[in-house]
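Asker: Just to be clear, the model below is a prediction. Sequence and coordinates:
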Amino acid sequence: MGEVEFWPRLVLAILATWRLTHLLAREDGPAELVARMRARLGAGALGRALDCFHCLSLWIAAPLALWLTSGPWDWLFAWLALSGAACLLERLGERPVLIEAMGGQDDGMLRTAADGDAPAGDAPRTRSGA
């Protein structure tokens, strides 16, 4: 395989950053190897790094940014961009936060939609006396 151009390399690096970070932070891994590694690392610095997707994405993105760039300034910005892109991809998979009235009061409390709940705008609302 010859030299891959910048944009395909960027997409590959973004996807690889997200995939490796997601595997280490959110999954048990094949044969539960990742889960056992996290348990062994416990509450130490490395164990805590595996608990935070955003923090871990910085560590995963660093060597991939080296593959993507050639200069130190390019590496710095590619490193941050890869981590940021992985964090954005992770957010795309999260359940949405909805603003709706809770308990009959319109206090603007935030909550995460439970599985099967319709967003606030999808269900008709009724008022007492209307």
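Answerer: Sure thing, it's come through.
Asker: all helices of this structure, in order?
Answerer: Applying DSSP state H to the chain gives helices spanning 6-26, 33-41, 45-51, 53-68, 72-92.
Asker: Check which helices and strands the first one sits against.
Answerer: This points to helix 6-26. helix 45-51, helix 53-68, helix 72-92 (3 or more Cβ pairs under 8 Å, 6 or more residues apart in numbering; DSSP states H and E). (C-beta placed from N, C-alpha, C; glycine too.)
Asker: Repeat that for the third one.
Answerer: When contacts are defined as 3+ Cβ pairs under 8 Å, 6+ apart, helix 45-51 sits against helix 6-26, helix 33-41, helix 53-68.
Asker: one more time with 7 Å, if that's ok
Answerer: helix 33-41, helix 53-68 (3 or more Cβ pairs under 7 Å, 6 or more residues apart in numbering; DSSP states H and E).
Asker: Point out the most buried one among the ones you listed.
Answerer: When you average the neighbours per residue for each of the helices and strands packed on helix 45-51 (mean count of other Cβ atoms under 10 Å), helix 53-68 leads with a mean of 18.
Asker: what angle sits between it and helix 72-92?
Answerer: Here helix 53-68 runs at an angle of 140 degrees relative to helix 72-92 (axes from the mean of the first three to the mean of the last three Cα atoms, to 10 degrees).
Asker: quick revisit: need the helices of the chain in a markdown table (columns: mean pLDDT).
Answerer: Formatted as a markdown table, the helices of the chain follow (pLDDT from 0 to 100):
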| stretch | mean pLDDT |
| --- | --- |
| helix 6-26 | 95 |
| helix 33-41 | 91 |
| helix 45-51 | 87 |
| helix 53-68 | 95 |
| helix 72-92 | 95 |
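Asker: Can you say which of the helices and strands packed on helix 6-26 is nearest to residue 15?
Answerer: helix 72-92 (8.1 Å; Cβ to Cβ).
Asker: Spatially central residue for this structure, please.
Answerer: residue 90 (2.6 Å; Cα atoms, centre = their mean).
Asker: for the spatially closest residue to that one that is not a sequence neighbour, what are its contacts?
Answerer: Closest residue to residue 90 apart from its sequence neighbours, by Cβ to Cβ, 6 or more residues apart in numbering: residue 53 at 5.6 Å. Residue 53 sits next to 21, 25-26, 90 when contact means Cβ atoms under 7 Å, 6 or more residues apart in numbering.
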